[in-house]
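Participant: prediction below, plus the sequence it came from.
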Amino acid sequence: MLKKQLLKTKQLLLLGQQKLSRKQFIFLSSVLIGITSAVAVIFLKAFAHWVYSSATYINGTLKLSFINSILPVIGILLTVLVVKKILGGSLEKGTSQILYTVARKASIIPKKQMYAQIMTSSLTVGLGGSAGLESPIVITGAAFGSNYAQQFRLSYQERTLLIGCGVAAGIAAAFNAPIAGVLFAIEVLLVDVTISAFTPIMIAAATGALVSAVVLNENILLAFREKQSFDYHNIPFYVLMGLFTGFTAVFYARNFLRTEHTFAHLKYGPYKKAVIGASILGLMIFIFPTLFGEGYESIKTLADKDPGKLLENTLFSDFASNDWMLLLFVGTSMLLKAFASGITLGSGGNGGNFAPSLFLGSYAGYFFSKFLNLTGLTNLPVGNFTLVGMAGILSGLFHAPLTAIFLIAEITGGYDLMIPLMIVASVSFAVSKRFEKHSLDVKNLARKGNAFTSNKDANILCTLEIEELIRKDYLTVGSGQDLEDVAGLLAHSDQVIFAAVDDQNELEGLVYFNDIREVIFDNQKSKNILVRDIMAQPMQTVHLFDSMETVMKKFEKSGRAYLPVLKNGKYYGFITKSDVLESYRNRLKSMIFE
């Protein structure tokens, strides 16, 4: 029945595609993607809640000890099992995969991403993995947009736009924050988007937020009852808060990536790796229960009148009324979050860094303001700093100050703190940008030239495949050959450059026709001259793993029109500047007129 209904819907949409203008069909599509993304968010949240509720019910029946330390082990193991048995043994994690898809995969996202993220992240986060659901939500929304566009054979530009619609709708539905959804899609993921794309993305975000609000009936995700009105006398402290969150964001980004990479590359099987990582995570959660799951409940507790409740049912419960002990607990939890999240994802779990960034930001804001208050230096509104700290970390980690400002304002109802939100977010962004050129999600991809950045030329270059531009049919010479042999090759070839290689095909030098023109056709001068006597060392060499932006920089640096390409250290062919520029022009035309 469902299959028939879907087929009928598709036929109606195909008819609409024929009758409506291109712009009208995109507007209609943005509404539909907004609805489907919101439904996916609702299902993901409900499934994650059901997983956690089921585990809690079982614990109530069996009376297991240390349940919060046991659940993450079960969750990560189940995630690994689902990936291995149902998802074909692989799962792309993190919003960086959307960036990679847009830049290198023509905005085509596999169908399995429409359900894979929901299945795996629900198990990981629902059972206490120290990560968030927002990144899986974003990927799911993007997958709906991409696959919808593929069904109706839309162009690359339109596919990319509908990916943005899915992303915006996902964030809007998850947080009931449509403005933040639009800004996140444009500021973080689709940095090369045009002004005309705003309207469908706004429509999708508004639709996603509306559907989520109606079904879930969630108005404000994090209500800060201890929030106070803005006092301009505290501006210097908000600037310092921005500096503090900026450095904290850099600390988190570097240690998260290092920890995730370490566990992901452990030379063990997936199940053994999951047990090792999850066991370490379980031990961390046993000592610091605030590291369990997304952490939104602990954020609410921290912003409440009695944050000492965080120490209840912990090893430090006897110190619940000790402000300095609470501050030490909060500061340690803040620092450990990077390692807890890195272990969760590196050992086989699935989730994102959105919720951890909010957790980290609230804890950083509380730590900063409470520390200054306890020293007697000032009397800062702790609730305000706890709130704006989230904007600081979010801005520093994702390099998205606008998203951070409006997301925190929307999910906390803190619009009257817009000025401190702007101060903290912008200062944190400046600090983070100074030490980390790219955001947490973009860092590894940008280093390899696999993600779009604000540099439009680089964005187009990164869509070019270096393998497709290599001329592998060029004739080579041996360094011990006579120059007369090269003259013989020139008689039957239009090459202007030859690679001199040894018996193992390793590059020894280059022979430029222009450099030997006066000698090669003079029998007297060319006699007894070997290739090694006249070959030149390459000023630059290209490797297959180089990004096209890197290749162009090597062309500029060398001043040459031809560069040799190496594969595994061996000569592989030549790449020419004219071929790259021609491919660049063709790709630019296709992106404009497709």
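Facilitator: Noted; the coordinates are in hand.

Participant: show me the longest helix that occurs in the protein.
Facilitator: Longest helix of the chain, by residue count under DSSP state H: helix 22-62.

Participant: could you identify the helix or strand that succeeds the lowest-mean-pLDDT helix or strand in the chain?
Facilitator: Lowest by mean pLDDT, DSSP states H and E among the helices and strands of the chain is helix 523-526, with a mean of 57. Remark: after helix 523-526, the chain's next helix or strand is helix 531-534, criterion DSSP states H and E.

Participant: what's the separation between I35 and E582?
Facilitator: According to Cβ to Cβ, to the nearest Å, I35 stands 43 Å off from E582. Where you see a C-beta, it was placed from the backbone N, CA and C, and this is true even at glycine.

Participant: comparing those two, which residue is more hemmed in?
Facilitator: For I35 and E582, the more surrounded residue by other Cβ atoms under 10 Å is I35, and the numbers stand at 18 against 12.

Participant: the more buried one and A206 touch, don't they?
Facilitator: No: I35 lies out of contact with A206 (Cβ atoms under 8 Å); the separation is 11.2 Å.

Participant: can you give me the strands in this protein?
Facilitator: Remark: strands assigned in the chain by DSSP state E are 476-478, 497-501, 507-512, 542-543, 562-567, 570-576.

Participant: take those and lay them out in JSON lines including mean pLDDT.
Facilitator: What follows is the strands of the chain, written out as JSON lines (pLDDT from 0 to 100):
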{"stretch": "strand 476-478", "mean pLDDT": "83"}
{"stretch": "strand 497-501", "mean pLDDT": "85"}
{"stretch": "strand 507-512", "mean pLDDT": "85"}
{"stretch": "strand 542-543", "mean pLDDT": "89"}
{"stretch": "strand 562-567", "mean pLDDT": "90"}
{"stretch": "strand 570-576", "mean pLDDT": "89"}
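
Participant: start to end distance for stretch 125-142?
Facilitator: End-to-end distance for stretch 125-142: 20 Å, by Cα to Cα, to the nearest Å.

Participant: tell me the mean pLDDT for that stretch?
Facilitator: Computed over stretch 125-142, the mean pLDDT rounds to 88.

Participant: so how far is that stretch from its chain's centroid?
Facilitator: 13 Å (Cα atoms, centre = their mean, to the nearest Å).

Participant: check stretch 45-57 too.
Facilitator: 27 Å.

Participant: then stretch 232-251?
Facilitator: 25 Å.

Participant: what residues sit buried inside that stretch?
Facilitator: Using 16 or more other Cβ atoms under 10 Å as the test for burial, stretch 232-251 gives 234, 237-238, 241-251.

Participant: which one of the residues you listed is nearest T550?
Facilitator: V250 (25.0 Å; Cβ to Cβ).

Participant: the closest one against G396, yeah?
Facilitator: Yes: in this structure, V250 is within contact of G396 by Cβ under 8 Å, at 7.0 Å.

Participant: shared neighbours, these two?
Facilitator: Contact with both V250 and G396 is made by residues 431-432, according to Cβ atoms under 8 Å, 6 or more residues apart in numbering.

Participant: outside of stretch 273-285, which residues touch it?
Facilitator: With Cβ under 8 Å, 6+ apart as the test, stretch 273-285 has contacts from 66, 68-70, 72-73, 75-77, 79-80, 128-130, 263, 266, 268, 291-292, 336, 339-340, 343-344, 346-349.

Participant: and those residues, which of them are buried?
Facilitator: Taking 16+ other Cβ under 10 Å as the criterion, what is buried in these is 68-70, 72-73, 75-77, 79-80, 128-130, 263, 291-292, 336, 339-340, 343-344, 346-349.

Participant: pLDDT score assigned to V250?
Facilitator: For V250, the model assigns a pLDDT of 95.

Participant: what residues are up against it?
Facilitator: Shown in contact with V250 (Cβ under 8 Å, 6+ apart): 396, 431-432, 435-436.

Participant: next, count neighbours for K19.
Facilitator: 9.

Participant: ok, now how distant is it from L32?
Facilitator: To L32, K19 is 16 Å away according to Cβ to Cβ.

Participant: what do you get for G376?
Facilitator: Going from G376 to L32 by Cβ to Cβ gives 58 Å.

Participant: ok, these two, which is more surrounded?
Facilitator: Neighbour totals were compared for G376 and L32, and L32 leads with 18 against 7 (other Cβ under 10 Å).

Participant: check what pLDDT the closest residue in space to the more buried one that isn't next to it in sequence gets.
Facilitator: Take L32 and drop its neighbours on the chain: the residue closest to it by Cβ to Cβ, 6 or more residues apart in numbering is Y148, 7.1 Å away. Reading off the confidence values, Y148 has pLDDT 89.

Participant: wait, isn't Y148 in contact with C165?
Facilitator: No: assessed by Cβ under 8 Å, Y148 is found out of contact with C165, at 9.0 Å.

Participant: okay, and the common contacts of the two?
Facilitator: Overlap of the contact sets of Y148 and C165 (by Cβ under 8 Å, 6+ apart) consists of 29, 33.

Participant: out of these two, which sits in the more crowded spot?
Facilitator: Comparing Y148 with C165 by neighbour count (other Cβ under 10 Å), the higher total belongs to C165, at 37 against 22.

Participant: can you pull the contacts of that one?
Facilitator: Shown in contact with C165 (Cβ under 8 Å, 6+ apart): 29-30, 33-34, 37, 141, 145, 185, 200-201, 203-205.

Participant: could you find the closest non-adjacent residue to it?
Facilitator: A204 (3.6 Å).

Participant: from T576, how far out is that neighbour?
Facilitator: Distance from A204 to T576, by Cβ to Cβ: 43 Å.

Participant: likewise A391?
Facilitator: In terms of Cβ to Cβ, A391 sits 48 Å off from T576.

Participant: what does R585 give?
Facilitator: Separation of R585 from T576 (Cβ to Cβ): 14 Å.

Participant: the two: who's more crowded?
Facilitator: Each of R585 and T576 has its neighbours counted (other Cβ under 10 Å); T576 has more, 17 against 11.

Participant: beta partners of the more buried one?
Facilitator: For T576, the beta-bridge partners under DSSP bridges are Y562.

Participant: so it sits against A561, correct?
Facilitator: Yes: in this structure T576 lies within contact range of A561 using Cβ under 8 Å: 6.1 Å.

Participant: what residues of stretch 349-357 count as buried?
Facilitator: For stretch 349-357, the neighbour count (16+ other Cβ under 10 Å) marks 349-357 as buried.
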